[in-house]
Every structure is written in structure tokens, then in C-alpha cells.
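K.L.:
fold the stuff below for me.
(chains A and B)
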Protein chains: 2
Amino acid sequence: MRYCLECGHEAEYKIPEMDNMPRLVCPNCGYIHYENPKIICGTLVVHEDKILLCRRAIEPRYGYWTIPAGFMENGETIAEGAARESFEEADATAINPQLYCIYDIPDIGQIYIIYLTDLKDGAYGAGVESLECALFDEVDIPWDDVAFEAVKRTLKRYFNDRVTHDSRASYPVHQDRISKDKSIKRY
Amino acid sequence: MRYCLECGHEAEYKIPEMDNMPRLVCPNCGYIHYENPKIICGTLVVHEDKILLCRRAIEPRYGYWTIPAGFMENGETIAEGAARESFEEADATAINPQLYCIYDIPDIGQIYIIYLTDLKDGAYGAGVESLECALFDEVDIPWDDVAFEAVKRTLKRYFNDRVTHDSRASYPVHQDRISKDKSIKRY
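P.N.:
This next block holds a predicted model:
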């Protein structure tokens, strides 16, 4: 059973008038609760050809390596959200954002939007959601311990683009659909 | 007053532990209700150099012209959602999607993601949310009656790109921040 956000009455799933999908509707006050995909904004932070990765201190994927990324918040742009995540997870100031990868993960209602950025002054630490953060050369990327498919693909795209393009400005925007990873327990 | 989706108890806005922003939190069951930006997916549908526009049969901007666009749903990719909107609003099958424009509208917690597409068989009608639909040459675009700033910018970008680029495949992905239009009454 779920309840109405606006009046607390028991709500029910039904297809509202002029709609074609079931929604949580309140029979008391008529409020319709829409649930839509969420945006995960993230940054591939590069410094002197090295990539900034964070080892997760939270589930899912505790102990695995990822790039700074998290749920976009109301009131910010995607790039601002991506920079905020870099700051929160790695004490890093991500600058010169360039739109880089967009991943659809329809099975879990998520869109990843990743910016390629530089790291201001090469400075970073580790936020409360990270066990540690570090800059990795390509040969040192811990591929078997990368947390998410979206992160793996972004890293691979980047290492490929930087040998096939003369300048970062000419890198394409990559777009992909990713299937749900059933090995990840989500909450 | 707002209520808990999970148990119906009165909920309160507070900053949860390990967080830094106020959320709607239930003091009874601990459920945290997150509100995040929503994606508007849309299509700039082109047929023989003409653009498909729809005259809105719903608020906001009843009677104004727009491109097919609407809230992205769970379970679909952005491109699938954009194609769905074309079908719902204009009885049009949008094919060959190419990522084209991304607009941040942080003041209202929306992200527009627009695909450039072709119109299958040149066929269209008008869905229930449209008073009428029509294909417009550039000179005939009803600029003063275009519903939203994001639509205006997309049209302008397109008319510019098609004179400055040899092929559609080379059009860049445009990205902009748009301010809230205070003249639009939102519900």
C-alpha cells in the first residue's frame, strides 16, 4: 500500500484520464504522483593524462572504483551537479566541463550524463562517500574492480578518443544503452 | 503539510544524516522522498526541409506552437521517449534519431533533451494534446507563437546548422542554460 503525498489518504495505481500509463492516484484529493527517470551526473576528471577515481565507501558496490557521480539535484545544471559530485566525493574542483557520454539504463529508470573535465591545481582528497581517491594512468586502471558498466565504457571511450583525436574539443558525444547489471543489489 | 508515500504519516522537511539538503522525511518509518530534475524528451522532426510543429491543446501555452515533447517515462530510453511523444502528439513516426540539443532549466528542475529526426513516409496527424499539426518551411515558422524558449532555440540552431554544415551527421550537440519564463503559468 502507498499513500498520497498531499493528503495522506490511501492511494491506488490506475490510469488517469487523458493518460495511458498507470500512476499512483489519490481517490480522496485527486493528486497524481508521477515517477520519472532520474539523472546521474558525473565527471571524468583528467589531470596530466591521469584519471581521478574514487573507491566507494557506500553500497551498491562498496569497495569498488568509480568516477565522481550521483543523483542530479533540483536547482542545478547537469554540469554544476557533476562538479558538485566531484567536490563531495573527491574534494576535487572539476573545471572546463565538456559533455562527453550519455547512457540510457531504462531497466532501472536512470540516465547517466558524464562530463569530461580538468582537475583544478591537481588537488584532491576523499569525501565521506569514498574510502580513498587516486589518479590512475591508463595501464593502472583496476578494470576488474570498476563499480559500474557506465564507468567502464566511459574510461574505454576516453582512452580510445585520446589516441584517435588531436584535441579534446573534437571528441564526440557518446551515447549508449546499458542493460541492468543483475549482480548489483540496489536499495 | 505533506505525507509519507510509504506509511501515510505526516512527513517533515529536514536534512537526513549523511546528506546536505533538506528532504521530505517520515519520522514514523524513516522513508526519505527525493525530488530530482525531470527530463523532457522531444524531437525536431524534419521532412523535405520542413519542420513538424504542433499547436498545443493543453496548458501551459494552450494554442501556441511547439515540437513534440514531454516527460520521459521509466522503462524507455530518451530516444524512445522522444519518438513516443511524436507519435502521441502528432501521429508521426520519428526515425533516424540524432542527439541534438540539451537544455538545463534549473529554475524549474527540468532538462530538455531534443533529437533531430526524420518523418517516416511524411505522414502525420494530430494527437489529443494537439489542436493541429503542420509542416513548416523556415520562412513560415510562427516565431511569435512558439510556446517555449527551448523550442525557439532548437529551431534557430537547426536553421543555422543546415547552412553551415554539409551533412546532418556533422551537426554539433548544442547545450544551453535557459532561465525560467515567468510569463508561463505552470501547474
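K.L.:
kindly export the top strand by length along chain A (C-alpha atoms) in CSV.
P.N.:
Among the segments of chain A that qualify as a strand by DSSP state E, the longest is strand A:94-105. C-alpha atoms of strand A:94-105 as CSV (Å, rounded to 0.1, in the frame of the first residue of the first chain):
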residue,chain,number,x,y,z
ALA,A,94,36.4,19.9,-11.8
ILE,A,95,36.8,22.6,-14.4
ASN,A,96,36.3,23.1,-18.2
PRO,A,97,33.3,20.7,-18.4
GLN,A,98,32.7,19.2,-21.9
LEU,A,99,29.6,17.0,-22.4
TYR,A,100,31.0,13.5,-23.1
CYS,A,101,28.8,10.5,-22.5
ILE,A,102,25.0,9.8,-22.2
TYR,A,103,23.9,6.4,-21.1
ASP,A,104,20.3,5.2,-21.0
ILE,A,105,19.6,2.5,-18.4
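K.L.:
is chain B contacted by it?
P.N.:
Yes - interface with chain B: strand A:94-105 contributes A:99, A:102, A:104 (Cβ under 8 Å from any Cβ of the partner chain). Where C-beta positions appear, they are placed from N, C-alpha and C, glycine not excepted.
K.L.:
for the helix or strand just after that strand, give the mean pLDDT please.
P.N.:
Moving toward the C-terminus from strand A:94-105, the next helix or strand (DSSP states H and E) is strand A:110-119. In this model, strand A:110-119 has an average pLDDT of 98.
K.L.:
so what strands line up beside strand A:110-119?
P.N.:
Strand pairing for strand A:110-119, determined by DSSP bridges: strand A:38-47 (parallel), strand A:94-105 (antiparallel).
K.L.:
quick one, which of the ones you listed is nearest to residue B:59?
P.N.:
strand A:38-47 (25.7 Å; Cβ to Cβ).
K.L.:
quick one, the next helix or strand after that closest one and strand A:110-119 angle?
P.N.:
Downstream of strand A:38-47, the next assigned helix or strand under DSSP H and E is strand A:50-56. In terms of direction (axes from the mean of the first three to the mean of the last three Cα atoms, to 10 degrees), strand A:50-56 departs from strand A:110-119 by 130 degrees.
K.L.:
now the strands for chain A?
P.N.:
Counting by DSSP E, the strands of chain A are A:2-3, A:10-14, A:23-25, A:32-33, A:38-47, A:50-56, A:65-66, A:69-71, A:94-105, A:110-119, A:130-136, A:174-177.
K.L.:
of the residues of strand A:94-105 next to chain B, which is the nearest to chain B?
P.N.:
For these, the closest approach to chain B (Cβ to the nearest Cβ) belongs to residue A:104, at 3.8 Å.
K.L.:
adding mean pLDDT, distance to residue B:25 and mean neighbour count, write the strands paired with strand A:110-119 out as TSV.
P.N.:
Formatted as TSV, these follow (pLDDT from 0 to 100; distance: least, Cβ to Cβ, whole Å; neighbours: other Cβ atoms under 10 Å in any protein chain shown):
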stretch	mean pLDDT	distance to residue B:25	mean neighbour count
strand A:38-47	98	18	24
strand A:94-105	98	27	20
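K.L.:
how about the ones you listed in CSV, adding distance to residue B:118?
P.N.:
Compiled in CSV, those are given as follows (distance: least, Cβ to Cβ, whole Å):
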stretch, distance to residue B:118
strand A:38-47, 27
strand A:94-105, 21
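K.L.:
quick one: closest of those to residue B:23.
P.N.:
strand A:38-47 (14.1 Å).
K.L.:
buried residues in the helix of greatest length in chain A?
P.N.:
Determined from DSSP state H, the single longest helix within chain A is helix A:149-164. For helix A:149-164, burial by neighbour count (16 or more other Cβ atoms under 10 Å in any protein chain shown) applies to A:149-151, A:153-155, A:157-158, A:161.
K.L.:
next up, the contacts around the most centrally placed residue in chain A.
P.N.:
In chain A, the centroid-proximal residue (Cα atoms, centre = their mean) is residue A:40; its distance is 3.1 Å. Contact analysis of residue A:40 by Cβ atoms under 8 Å, 6 or more residues apart in numbering or on different chains lists A:69-72, A:110-113, A:150.
K.L.:
separation between the residue located most distally from the centre of chain A and chain B?
P.N.:
In chain A, counting by Cα atoms, centre = their mean, residue A:28 sits farthest out from the average C-alpha position, at 37.0 Å. The spacing between residue A:28 and chain B, counted by Cβ to the nearest Cβ, to the nearest Å, is 11 Å.
K.L.:
if I look at that residue, how far off is residue A:7?
P.N.:
6 Å (Cβ to Cβ, to the nearest Å).
K.L.:
with residue A:135 instead?
P.N.:
For residue A:135 relative to residue A:7 (Cβ to Cβ), the value is 52 Å.
K.L.:
for residue A:29, which non-adjacent residue is closest in space?
P.N.:
residue A:7 (4.4 Å; Cβ to Cβ, 6 or more residues apart in numbering or on different chains).
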